[in-house]
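Asker: Turn this into a model:
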Amino acid sequence: MKKILWSALFFAVAAFVLCGGCTRREPVLHVYTWADYIKPELVQRFEKENRCRVVIDTFDSNEVMYAKLKAGGGGYDVIVPSSYMVKIMNEQGMLRPLDHSLMPNLRHVDREYLASALDPEMHHSAPYMLTTTVIAYLKSRVPDFEPTWAMFDREDLKGRTTLLNDMRETIGAGLKALGYSLNTKDEKELKEARDVILRWKKKIAKFENEQYKTGLASGEFFLVHGYSGDIMQVEEENEDIAYAVPKEGTSLSCDDLVIPVDAKEAKLAHRFINFIHDPDVAAENTEFIAYLCPNTESYGKLSPEILENPAIFIPRDIRARCEVIEDLGSDNDKYIRIWDEIKAN
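Answerer: Now for the predicted structure:
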């Protein structure tokens with residue numbers, strides 16, 4: 001009887017030891033990013049290959065994301081801010097340096113892009129997607145469209161247009177409409193841009209960052225200020241949609257992959273960034289969300305539709321009138337004041 005008891009105990013202990021992994025929870029990668037910003041099947045593939053779960057939370061502006069983190073809302077392993085916000089976060093010690101030895105696919109990152117990047121050595125960030133801000137419209141509703149910011153002055157479109165609910169993008173649009181740099185520090189120019197946007201505000205339906213694209217596709221809105229990738233995502237739903245880069249110029253920006261200093265799954269976060277820059281993954285993701293992942297090896301895998309799209313691969317003459325949004329240090333406060341005035345009036 002004792003032999004049977006000891007034998008049973010032995011096998012119970014052995015089973016517990018051998019199945020120790022069964023009681024261990026799979027690692028969870030927490031990602032904080034923009035809405036609809038990665039192909040779901042790629043997330044599932046990463047989960048399968050790395051035996052983990054990926055939990056994605058979304059934000060609708062860099063400022064909202066930053067405010068949440070500063071207020072103590074953390075727990076993220078990968079965050080996807082725009083480059084100018086990445087610079088602020090890094091200067092405040094919020095990000096950890098990247099270990100390139102864990103990310104061999106970074107060798108595929110487009111060197112031409114890195115030449116103008118805010119973190120050209122990829123010390124604390126890796127580029128995710130390049131975006132262009134455009135004006136999109138319904139051809140049947142705006143048959144006399146012109147590629148200019150002045151479209152937001154149109155009385156006949158009153159209540160049927162939207163502007164981005166984004167401080168730098170929308171103030172930047174007002175500045176570009178006046179022929180100024182969207183990175184100006186001149187308070188007089190900023191006040192002039194404020195007045196332009198307040199004039200536009202009287203005619204728009206609302207400031208909107210997410211639902212403007214579905215609103216355009218459904219016909220709720222006739223003309224919107226938005227991101228090229230967002231517009232391309234809904235273009236298939238409505239062949240009446242068209243878009244253009246304003247002739248006065250617009251913003252070019254990059255959203256970056258960063259790892260916060262308090263990330264619990266830092267190694268898994270590195271694997272995720274490396275996965276994103278696998279050329280096949282980068283091409284598949286670009287095709288799905290219609291933004292450009294600056295991964296040179298992926299370009300040869302893209303469809304002619306993407307390669308020939310002037311809002312993705314921008315012609316040099318148009319690109320010369322565009323600018324990258326930069327972090328302006330203490331001068332950011334000037335933009336915050338102007339934005340508060342716009343929202344309050």
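Asker: Can you give me the buried ones in stretch 224-238?
Answerer: Buried residues in stretch 224-238, defined by neighbour count with 16 or more other CB atoms under 10 Å: 224, 225, 226, 227, 228, 229, 230, 231, 232, 233, 234, 235. Placement of C-beta: from N, CA and C, glycine included.
Asker: From residue 242, how far out is the closest residue to residue 267 other than its chain neighbours?
Answerer: Using CB to CB, 6 or more residues apart in numbering and skipping residues adjacent in sequence, the residue nearest residue 267 is residue 102, 6.9 Å away. The gap separating residue 102 from residue 242 is 43 Å, by CB to CB, to the nearest Å.
Asker: circling back: of all the buried residues of stretch 224-238, which comes closest to residue 268?
Answerer: Of all the buried residues of stretch 224-238, residue 268 sits closest to residue 229, with 26.3 Å by CB to CB.
Asker: who's in contact with residue 214?
Answerer: residue 234 (CB atoms under 8 Å, 6 or more residues apart in numbering).
Asker: before we move on, what about residue 220?
Answerer: For residue 220, the contacting residues are residue 160, by CB under 8 Å, 6+ apart.
Asker: Tell me the spacing between it and residue 208.
Answerer: Taken as CB to CB, the span from residue 220 to residue 208 is 10 Å.
Asker: How about residue 193?
Answerer: In this view, residue 193 and residue 208 are 20 Å apart by CB to CB.
Asker: Those two: which is more packed in?
Answerer: Set residue 193 next to residue 208 and count neighbours by other CB atoms under 10 Å: residue 193 wins out with 26 against 20.
Asker: you'd agree the more buried one is up against residue 341?
Answerer: No - if you go by CB atoms under 8 Å, residue 193 and residue 341 don't touch, sitting 11.0 Å apart.
Asker: In a helix, residue 134, correct?
Answerer: No - Residue 134 sits outside any helix when classified using DSSP: H, G, I helix; E, B strand; the rest coil, being strand.
Asker: Name the nearest residue to it, sequence neighbours excluded.
Answerer: Among residues not flanking residue 134 along the chain, residue 243 sits closest, at 4.6 Å (CB to CB, 6+ apart).
Asker: surely residue 190 meets residue 338?
Answerer: Yes - between residue 190 and residue 338 there is a contact at 5.2 Å, judged by CB under 8 Å.
Asker: which residues are in contact with both of the two?
Answerer: In contact with both residue 190 and residue 338: residue 171, using CB under 8 Å, 6+ apart.
Asker: Got phi/psi on residue 29?
Answerer: Note on residue 29: backbone dihedrals following degrees, to the nearest 10 are phi -100, psi 120.
Asker: Quick one: residues contacting it.
Answerer: By CB under 8 Å, 6+ apart, the contact list for residue 29 reads 52, 53, 54, 55, 77, 78, 265, 268, 269, 272.
Asker: quick one: which of the residues you listed is nearest residue 132?
Answerer: residue 78 (23.6 Å).
Asker: Show me the beta-bridge partners of that closest one.
Answerer: For residue 78, the beta-bridge partners under DSSP bridges are residue 31.
Asker: ok, it touching residue 271?
Answerer: No - taking contacts as CB under 8 Å, residue 78 lies outside contact range of residue 271: 10.3 Å.
Asker: If you count surrounding residues, which of the two has more?
Answerer: In this view residue 78 and residue 271 are compared by other CB under 10 Å, and residue 78 has more residues nearby, 25 against 18.
Asker: How about the contacts made by residue 285?
Answerer: By CB under 8 Å, 6+ apart, residue 285 lies in contact with 38, 39, 42, 276, 293.
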